[in-house]
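>>> Fold the stuff below for me.
(2 chains, ligands or ions: 2)
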Amino acid sequence: MSTIIRLTFLEMRKKKILYLTLLLTAVFLTLYGTALRFAYKSLNHEDTLIRLTVSGQLLSMGVYAVGFITAFLSIFSSAGAISSEIENGTYDAILSKPIARYEIVLGRFIGILSVIIPYVTILFLSIIGLNIFFGKGVVVNFSMIAIIKSLATFYLLPILLISIGIFFSCSISTMGSGVVMVILYFCGMVGGILEQIGHFITLEATKVALTNIGIITSLVIPSDIIYRKASSLLFTTSSGLNVSLESMLGASIQPSPLMMGYIVIYSIVMIVLAVRKFEKRDL
Amino acid sequence: MVIQTDNLTKQFKGKGGFVNISLSVKEGEVFSLLGKNGAGKSTFIRTLLGILHPDSGRGEILGQSIGHIQTRKKIGYLPELFQYHNWLTGYELLFNHGLLYKMDKKEIKDRIEEVIEIVGLKGHEYKKIKEYSKGMKQRIGLASAILSNPKILFLDEPTSALDPIGRKDVRDIILKLKDQGKTIFLNTHLLSEVELVSDRVAILDKGRMKKIGTIQELLHSPVLLSIGNINEKIINELKKVDQNIKKAGNQIEMSVYDDELLPKIAECIVKNDGQLYMMKKKENVLEELFIKTVGEEE
Ligand SMILES: Nc1ncnc2c1ncn2[C@@H]1O[C@H](COP(=O)(O)OP(=O)(O)OP(=O)(O)O)[C@@H](O)[C@H]1O
Ligand SMILES: [Mg+2]
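Ligands and ions are numbered 1, 2, ... in the order given. Coordinates of the predicted model:
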């Protein structure tokens, strides 16, 4: 299994995926930092409420970007993790060696995660760091605990998406699993929005219907929940940023801890199913 | 037995593949599976290696049923399309394959030097596989197959991409490995290759086994005789060697399993007042046998 992890890492490096991602991330962070710098500068004279709202928006946007970039990175790196190797015929050489099929699936999973988790950490902390740095005197301090909790929640996003991606990668073609994953991800997002809208609607029947659709979507593809949970953890009252909770991208309802447990189990089940699919398959 | 199958069957939705193959390969033997395109040769090897799951029947390698993971330590395999992670260099590929074999790093490094030399890729090992020619890819594939010094080698058309010299090199490698006591399972449709290196041959057609035997049985058997004054007595004597002799006028075609029998046959014809005008072994026997076995279209 360690060789598969190693090969996964080597592949990302050799195919320049790693450098490219890091380079573009640096560009993104520079742009984001520039935006923050000027935004916060111009906020110096406004009153507290406006300042808090705008800085909340800026941070929300950053956190949203972390979620989005992480999601797509996870989707694209996992959609072909198994299927592209099947399509290229490289498993003939690998599987004739003393390695079990489950080791290949797990190796791929861990390999991709071990690249993406550090990446998410860097990206997330950079976004927070930039906000703290440029927002001096504007943003109220985050608590360390909130940051760590939020980051830890964010880790669930690649875990979830990569496990689903690998499952599809074991089952259908690279193109197919990529398309399915992207659509699923957006369904999750729309489901989340519907649930949010449900909260503001007064008509009881519609409210219940929307909330239910939201809940069912979240059960099928809980990616949006993770993002909402991670940002709600960050925007706690103690950070003084809870005003922003009502912002369009923010989260107005706190997903329950039970849901986080559900996501962990969901991911484990996906990996188990992926292994079973791969073991039964002719290559 | 190093390889043993018992009514092994693998088809794709009821089509293709191979059906009810029973064969066994002894230790130290070079066994060739012969068949035209689509006969099921590659499917057979890939099933034995656990890359495909059989539909029915049994298969064993080194006494373990197929798919047993630890057994694969002792198996080397050259796939027919030799597709490898082409973003690696030849050296890195072999190194990682060595790790897959759970060899230790020092051992891998030493062994890579050796196999690169054996397959004639010296000077190309630090090039990316992407930049390899087809023949070089097949050579690196062969290097990977023999990397772990395996007991059994499965070679699926190992010379398909090679130039004549490369082919000879590979034949020599095979014979050398045979001298070291390795068992070699060869897929091919190159008849010359089969004649030169194999001990035993099986002919596969449309997924079914049509013939199996030692190369002597299959090749050295047909003898042509032209006999004057042919009589019942002679025929009866000849039938003792081959039940199914074919007679056309004074021409006789028969199978003789042992060359030592040839002078005795001549003697017996002469003794029984026959006139032996000609006695010769058929040439291009394998090709003829092959075409006769698999050639006729339905
Ligand atoms: N993955 C697959 N799915 C469906 N059919 C397949 C598959 N692999 C092989 N077949 C079919 O099984 C049959 C045997 O194919 P196989 O590749 O084993 O032939 P082969 O003897 O190795 O031929 P060649 O000399 O061309 O390499 C063919 O009819 C082929 O179409
Ligand atoms: Mg073949």
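
>>> how close does A:V182 sit to A:G165?
For A:V182, the distance to A:G165 equals 10 Å [C-beta to C-beta, to the nearest Å]. Using the backbone N, CA and C atoms, a C-beta is placed for each residue, glycine as well.

>>> Would you point out which residue of the stretch 101-250 of chain B is nearest ligand 1?
Relative to ligand 1, the nearest point of the stretch 101-250 of chain B is B:H189 (5.8 Å; C-beta to the nearest ligand atom).

>>> Neighbours of that residue, how many?
For B:H189, the count of nearby residues is 18 (other C-beta atoms under 10 Å in any protein chain shown).

>>> Ok, B:D110 next?
10.

>>> do A:R6 as well
14.

>>> wait, what's in contact with it?
A:R6 makes contacts with A:111, B:96, B:99, as judged by C-beta atoms under 8 Å, 6 or more residues apart in numbering or on different chains.

>>> Inside helices: which ones of those?
Among these, DSSP state H puts A:111, B:96, B:99 in helices.

>>> shouldn't the last one be in contact with B:E107?
No: using C-beta atoms under 8 Å as the test, B:L99 is too far from B:E107 to be in contact (10.8 Å).

>>> more neighbours, the two?
Shown here are B:L99 and B:E107; by other C-beta under 10 Å, B:L99 has more neighbours (19 against 13).

>>> Give me the neighbour count for the residue nearest to the more buried one when sequence neighbours are not counted.
Distances taken as C-beta to C-beta, 6 or more residues apart in numbering or on different chains put A:T3 closest to B:L99, at 4.3 Å, once the chain neighbours are dropped. A:T3 has 22 neighbours, counted by other C-beta under 10 Å.

>>> Can you check my assumption that A:T3 lies in a strand?
No: assessed with DSSP: H, G, I helix; E, B strand; the rest coil, A:T3 is helix; it does not lie in a strand.

>>> Next, count neighbours for the closest residue to ligand 2 within the stretch 1-150 of chain A.
Nearest residue of the stretch 1-150 of chain A to ligand 2: A:D92, at 11.3 Å (C-beta to the ion). Neighbour count of A:D92, defined by other C-beta under 10 Å: 24.

>>> Show the backbone phi and psi for it.
The phi/psi pair for A:D92 (degrees, to the nearest 10) reads phi -50, psi -50.

>>> Quick one: residues contacting it.
A:283, B:46, B:51, B:77, B:79, B:81, B:83.

>>> Is the nearest residue to A:V115 once chain neighbours are set aside in a helix, a strand, or coil?
Using C-beta to C-beta, 6+ apart and skipping residues adjacent in sequence, the residue nearest A:V115 is A:M12, 5.7 Å away. The local conformation at A:M12, judged by three-state DSSP, is helix.

>>> shouldn't A:M12 be in contact with A:L113?
No: the pair A:M12 / A:L113 is not scored as a contact, 11.9 Å apart, by C-beta under 8 Å.

>>> ok, and the helix or strand in chain B with the lowest average confidence?
Least confident helix or strand of chain B, by mean pLDDT, DSSP states H and E, is helix B:215-219 with a mean of 71.

>>> Can you list the strands that the helix or strand just after it pairs with?
Using DSSP states H and E, the helix or strand that follows helix B:215-219 in sequence is strand B:222-228. Strand B:222-228 has its sheet partners listed here by DSSP bridges as strand B:251-255 (antiparallel), strand B:275-281 (antiparallel).

>>> Same list, the contacts of A:R6, but as CSV with pLDDT and distance to ligand 2 please.
CSV is the format used below for those (pLDDT from 0 to 100; distance: C-beta to the ion, whole Å):
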residue, pLDDT, distance to ligand 2
A:G111, 96, 31
B:N96, 96, 25
B:L99, 96, 28
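
>>> what about whichever residue of the stretch 51-200 of chain B sits closest to ligand 2, neighbour count?
Nearest residue of the stretch 51-200 of chain B to ligand 2: B:E80, at 4.6 Å (C-beta to the ion). Number of residues near B:E80 (other C-beta under 10 Å) recorded here: 20.

>>> which stretches of chain B form helices?
Ranges of helices in chain B, per DSSP H, are B:41-48, B:90-100, B:105-118, B:134-146, B:164-179, B:191-197, B:215-219, B:232-241, B:261-271, B:285-294.

>>> Now distance to B:I21 too, for these, in TSV please.
Shown next, in TSV, are the helices of chain B (distance: least, C-beta to C-beta, whole Å):
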stretch	distance to B:I21
helix B:41-48	6
helix B:90-100	28
helix B:105-118	31
helix B:134-146	22
helix B:164-179	23
helix B:191-197	18
helix B:215-219	17
helix B:232-241	30
helix B:261-271	32
helix B:285-294	15
